[in-house]
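> okay, sequence plus prediction incoming.
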Amino acid sequence: MIRKAKLIPNALLAFIVIMATMLLLPASALADQDTFYSEAGLDGRLRYDGPDYNSDTAYTYCAAGTQPKPYTFRAYFSFDTSSLPDGATVTAAKLYLKTHTDQSIDYDFNDEVYRVDYGSSLDATVTEWNLYSSGTNEGNILSTASYVDETYFNIDVTAAEINKTGRTQYCVKSSDETIGGSNAYIAWYSADEGGTSSDPYLVVTYTLSSAPEFPTTFAAIGAIGLSGLTYFIIRRRTSQDVA
Ligand SMILES: [Ca+2]
Ligand SMILES: [Ca+2]
């Protein structure tokens, strides 16, 4: 009878100890990684025709570089990254673009990547043509001297620039748009090429805190009463828990 009288206080004590332990546990991070393919309806190219601009988002290729003057191409890519958890901390991101053809035989230049925002349409305006100038320069994804056909090139892009609530977009342009004597551009695949074997894509690595978050973590705790004893089932949060 004495032993039975102790059961409930012991169970309560266990509960208190477990709760206190969870509160004292240091926050740890769960790593996760998502891949986003470029949006076919939004990726494409702008072409400067001097003095006009035109937009093509249905073409299979996104060109960056120059043709005989005044024609110049800039390529645009769009990734809907809004499904990333709002609470995620993006730790790394890498942009992958696949080459199609090299139209730079007589010239060498770099194709530069800029983080830009052109919204829900790629518009043939001087504003969207020049977005790169106020965007984040992510560096060179390709030097034409080391060009290879039908090959994915990649570049580390700024993790803090990944948009967790909307689109993450990029502009690719030639480092030398003054050439213009003959063709001097790279044709990159767009998402309009069938399937995903050549599509542009963005790989985002992020962490989610697994620290106990009361009261939400409390909701994940189930209690089962059994013969006067109480067992607590406790699990850590996983990456699947956070919407
Ligand atoms: Ca497209
Ligand atoms: Ca736009």
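Thanks, I have the structure now. Residues are numbered from 1 along each chain as shown. Ligands and ions are numbered 1, 2, ... in the order given.
> next one: the longest strand seen in the chain to chain centre, how far?
Counting residues, the longest strand found in the chain (DSSP state E) is strand 89-103. Computed by C-alpha atoms, centre = their mean, to the nearest Å, the chain-centroid distance of strand 89-103 equals 10 Å.
> and the gap between S121 and ligand 1?
12 Å (C-beta to the ion, to the nearest Å). Placement of C-beta: from N, CA and C, glycine included.
> where does pLDDT dip in the chain?
Residues of the chain that meet the criterion pLDDT under 70 lie in 1-28, 211-243.
> how does the chain divide into domains?
Domain ranges of the chain: 2-28+210-241, 32-208, per automatic domain parsing.
> right, so these: which one is the most enclosed?
With neighbours defined as mean count of other C-beta atoms under 10 Å, the domains of the chain peak in mean count at domain 32-208, which reaches a mean of 18.
> residues in contact with V157?
V157 sits next to 93-95, 113, 115, 138, 170, 202 when contact means C-beta atoms under 8 Å, 6 or more residues apart in numbering.
> ok, so of the residues you listed, who is nearest ligand 2?
Y170 (13.8 Å; C-beta to the ion).
> so who does the closest one touch?
Residues near Y170 by C-beta under 8 Å, 6+ apart: 76-77, 95, 113-116, 138, 157.
> at 6 Å instead, please
Residues near Y170 by C-beta atoms under 6 Å, 6 or more residues apart in numbering: 77, 113, 115.
> isn't the last one up against S134?
No - under the criterion of C-beta atoms under 6 Å, R115 is not in contact with S134, lying 10.3 Å apart.
> show me which residues of this protein sit near ligand 1.
Residues of the chain lying close to ligand 1 (C-beta under 5 Å from the ion) are 40, 43-44, 57, 190, 192.
> one more time with 6 Å
Applying C-beta under 6 Å from the ion, we find that the chain lies next to ligand 1 at 40, 43-44, 57-58, 190-192.
> take those residues and write them to a markdown table, including distance to ligand 2.
Below are the residues of the chain next to ligand 1 laid out as a markdown table (distance: C-beta to the ion, whole Å):
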| residue | distance to ligand 2 |
| --- | --- |
| A40 | 16 |
| D43 | 12 |
| G44 | 11 |
| T57 | 10 |
| A58 | 16 |
| S190 | 16 |
| A191 | 17 |
| D192 | 18 |
